[in-house]
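Asks: output the structure for:
(4 chains)
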There are 4 protein chains.
Amino acid sequence: MDAMMMGAMSKDMMSMPGMESMDMAVMQACMDACSACEQACTICSTQMHDCAPACMNCADMCNTMMRSMMRMQGMTPASMMAMLDACIAMCQTCMDMCMEHADMSAVCKMCAQSCQACMDACMAMKDMMMASA
Amino acid sequence: MDAMMMGAMSKDMMSMPGMESMDMAVMQACMDACSACEQACTICSTQMHDCAPACMNCADMCNTMMRSMMRMQGMTPASMMAMLDACIAMCQTCMDMCMEHADMSAVCKMCAQSCQACMDACMAMKDMMMASA
Amino acid sequence: MDAMMMGAMSKDMMSMPGMESMDMAVMQACMDACSACEQACTICSTQMHDCAPACMNCADMCNTMMRSMMRMQGMTPASMMAMLDACIAMCQTCMDMCMEHADMSAVCKMCAQSCQACMDACMAMKDMMMASA
Amino acid sequence: MDAMMMGAMSKDMMSMPGMESMDMAVMQACMDACSACEQACTICSTQMHDCAPACMNCADMCNTMMRSMMRMQGMTPASMMAMLDACIAMCQTCMDMCMEHADMSAVCKMCAQSCQACMDACMAMKDMMMASA
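Replies: Numbers count the residues shown, from 1 in each chain, chains lettered A, B, ... in the order given. From the prediction side, this is the model:
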């Protein structure tokens, strides 16, 4: 994500109740991982392997997760936690399906890696939110 | 949702492991409630009240929820439960914000009602899934 | 689309410059056709026939088209025309691909019909806008 | 966009009829510009200035444009051209609205710059496609 845009967003965020202690680097990493995962899943879904529906679901959820972080004014800690859990669950499902043919498809392997990275970034968000609560 | 399309989808679903006992009427009601909520939230967000970011978040999540139910081949019971919980949380957040100005805005009032209906439909899905597990 | 929500939206629209003569029935029909087409394409894409990427593209465009009509405050006549042309082109592409196996797949046949209906509704929007310009 | 994923996608693309001469660097630049514009518009829309509906429309269209390029198997030259024109029109509309308060809002100014960059990238795609047709 663009540094200038992130700066502008960060300033806004800091003035929101309960968000003062939000670590913007963790959030930026999570938005970037969601964006990368949406792209990997979208490409993987065009291969028409049996992981395709899971990839499409995961792509949509990652995009929704990313946008929700960009619109924190419309989130609460509770809805944020539920969204992160759902995003982690969708990445897990997609990764499991892609890993079944990671040996025969380099794209599935890359998609699974993007899912793992996105899960890790969402978990880091959860840890950060729990530490600052 | 279109009856013919629902019929075609239903036939597919019945042949998926663990989905034989899925009540398609409950699922259809949930997809319709998600679609209606996405539309209500999208319109509500154009009013530029302070609920707008919550409405945009809720619209995106309702669309993602609906699509996930249309692509059950890419879902597991666990990811379905997590998604339903997240959708319920987003509808709750949006409804709470819209209810703060439901007296002065008929659109906010309608949006809050759509959120409530969507939450109810998602909870019915959860109940059905737990009963058939 | 919900009648109450359409009424609220309609009132808003009438007060926008250049929109006074917008026929809300034509616009409502177009939004409904976009929504139905998004759903049909999403289901069709899970079949993993070679139309799937076209179906996914068409589903995304129909959703974007529908939302743009719900947020007319952010549209101009020129951007509206370009969007309608793009939506028609995507429906045409999807329909052509689905029609190639309409004989062997009832879902592809229904998807093609939804695309045709969406194209017709978008063309009706264009006609209405040109007549009122 | 991730280099490995781009490589995998590029290989696929080269084997598609009519795509052999597609310049992948131009396409990658366009996908990246769409992604950046979606993000800038999403953040800008939370400011609740009167550009917000245009920003939301533009964000959705940029995401749909990006995904369509990732699913070229479902595109034709004609639908690609129509989509690029629509994306350019939406960026133009959003940019015009954001430029009206670029003096008082740094976010609007950045959003307008992202729109301009996305328009330029879409025009480069059109030029490339016309040169190779």
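Asks: C-alpha from now on. contacts and neighbour counts both.
Replies: OK.
Asks: now do the SS call for the closest residue to chain C within chain A.
Replies: Nearest to chain C, among the residues of chain A, is residue A:48, at 5.6 Å (C-alpha to the nearest C-alpha). Following DSSP: H, G, I helix; E, B strand; the rest coil, the label given to residue A:48 is coil.
Asks: burial measure for it, as a count.
Replies: 17 (other C-alpha atoms under 10 Å in any protein chain shown).
Asks: is it true that it touches residue C:46?
Replies: No - taking C-alpha atoms under 8 Å as the definition, residue A:48 is not a contact partner of residue C:46, at 9.1 Å.
Asks: and for these two, which residues touch both?
Replies: Listed as contacting both residue A:48 and residue C:46 by C-alpha atoms under 8 Å, 6 or more residues apart in numbering or on different chains are residue C:52.
Asks: spell out which parts of chain A neighbour chain D.
Replies: Residues of chain A found near chain D (C-alpha under 8 Å from any C-alpha of the partner chain) are A:1-2, A:4-5, A:8-9, A:36, A:39-40, A:42-43, A:46, A:67, A:70-71, A:73, A:106-107, A:110.
Asks: which of those count as buried?
Replies: The neighbour count (16 or more other C-alpha atoms under 10 Å in any protein chain shown) marks A:5, A:8-9, A:36, A:39-40, A:42-43, A:46, A:67, A:70-71, A:73, A:107, A:110 as buried among the residues of chain A next to chain D.
Asks: what about the helix of greatest length in chain A, distance to the chain center?
Replies: Longest helix of chain A, by residue count under DSSP state H: helix A:106-132. Taking C-alpha atoms, centre = their mean, to the nearest Å, one finds the center of helix A:106-132 at 7 Å from the center of the full chain.
Asks: just checking, what packs against it?
Replies: Counting by 3 or more C-alpha pairs under 8 Å, 6 or more residues apart in numbering or on different chains; DSSP states H and E, the packing neighbours recorded for helix A:106-132 are helix A:24-45, helix A:77-99, helix D:3-14.
Asks: in chain A, where is pLDDT below threshold?
Replies: Residue ranges of chain A with pLDDT under 70: A:1, A:13-20.
Asks: tell me the centre residue of it?
Replies: For chain A, the residue nearest the mean C-alpha position is residue A:34 (3.2 Å; C-alpha atoms, centre = their mean).
Asks: can you tell me which residues contact that one?
Replies: Residue A:34 touches A:62-63, A:65-66, A:118, counting by C-alpha under 8 Å, 6+ apart.
Asks: got these as CSV, with neighbour count and distance to residue C:81 columns?
Replies: Shown next, in CSV, are these (neighbours: other C-alpha atoms under 10 Å in any protein chain shown; distance: C-alpha to C-alpha, whole Å):
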residue, neighbour count, distance to residue C:81
A:62, 32, 31
A:63, 22, 27
A:65, 25, 31
A:66, 22, 30
A:118, 27, 38
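Asks: in those, find the pair that's most separated.
Replies: Across those, the longest distance by C-alpha to C-alpha is 11.5 Å; it joins A:63 and A:118.
Asks: how about residue A:111: what's its closest non-neighbour residue?
Replies: The shortest distance from residue A:111 to any non-neighbouring residue, by C-alpha to C-alpha, 6 or more residues apart in numbering or on different chains, is to residue A:40 (5.2 Å).
Asks: no, scratch that, I was asking about residue A:34
Replies: Distances taken as C-alpha to C-alpha, 6+ apart place residue A:62 nearest to residue A:34, at 4.9 Å, with adjacent residues excluded.
Asks: what strand or helix carries the one you found?
Replies: Assigned by DSSP states H and E, residue A:62 belongs to helix A:52-70.
Asks: what angle do that helix and helix A:3-14 make?
Replies: Interaxial angle, helix A:52-70 versus helix A:3-14 (axes from the mean of the first three to the mean of the last three C-alpha atoms, to 10 degrees): 70 degrees.
Asks: and helix A:52-70, what does it pack onto?
Replies: helix A:24-45, helix A:77-99, helix B:52-70, helix D:24-45.
Asks: using CSV, list the CA coordinates for that helix.
Replies: What follows is helix A:52-70 as a C-alpha-only set of coordinates in CSV (Å, rounded to 0.1, in the frame of the first residue of the first chain):
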residue,chain,number,x,y,z
ALA,A,52,-11.5,-23.1,-7.7
PRO,A,53,-14.6,-22.4,-5.6
ALA,A,54,-12.6,-22.2,-2.4
CYS,A,55,-10.2,-19.8,-4.2
MET,A,56,-13.1,-17.6,-5.4
ASN,A,57,-14.5,-17.5,-1.8
CYS,A,58,-11.2,-16.7,-0.4
ALA,A,59,-10.5,-13.9,-2.9
ASP,A,60,-13.8,-12.2,-2.0
MET,A,61,-13.2,-12.5,1.7
CYS,A,62,-9.7,-11.2,1.5
ASN,A,63,-10.9,-8.1,-0.4
THR,A,64,-13.7,-7.5,2.1
MET,A,65,-11.2,-7.9,5.0
MET,A,66,-8.8,-5.4,3.4
ARG,A,67,-11.5,-2.9,2.7
SER,A,68,-12.8,-3.2,6.3
MET,A,69,-9.4,-2.3,7.6
MET,A,70,-9.5,0.8,5.4
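Asks: got a list of contacts for that helix?
Replies: Outside helix A:52-70, the residues touching it (C-alpha under 8 Å, 6+ apart) are A:9, A:27, A:30-32, A:34-35, A:37-39, A:41-42, A:44-46, A:74-75, A:83-84, A:87, A:90-91, A:93-94, A:97, B:57, B:60-61, B:64, B:67-68, B:71-75, C:46, D:39, D:42-43.
Asks: so how do I select the buried members of the residues you listed in PyMOL?
Replies: With 16+ other C-alpha under 10 Å as the criterion, this PyMOL line picks the buried residues out of the contacts of helix A:52-70:
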select buried, (chain A and resi 9+27+30+31+34+35+37+38+39+41+42+44+45+46+74+75+83+84+87+90+91+93+94+97) or (chain B and resi 57+60+61+64+67+68+71+72+73+74+75) or (chain C and resi 46) or (chain D and resi 39+42+43)
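Asks: burial count for the closest residue to residue A:91 other than its chain neighbours?
Replies: Distance criterion C-alpha to C-alpha, 6+ apart; nearest residue to residue A:91, sequence neighbours excluded, is residue A:115 at 4.9 Å. Residues near residue A:115, counting by other C-alpha under 10 Å, number 33.
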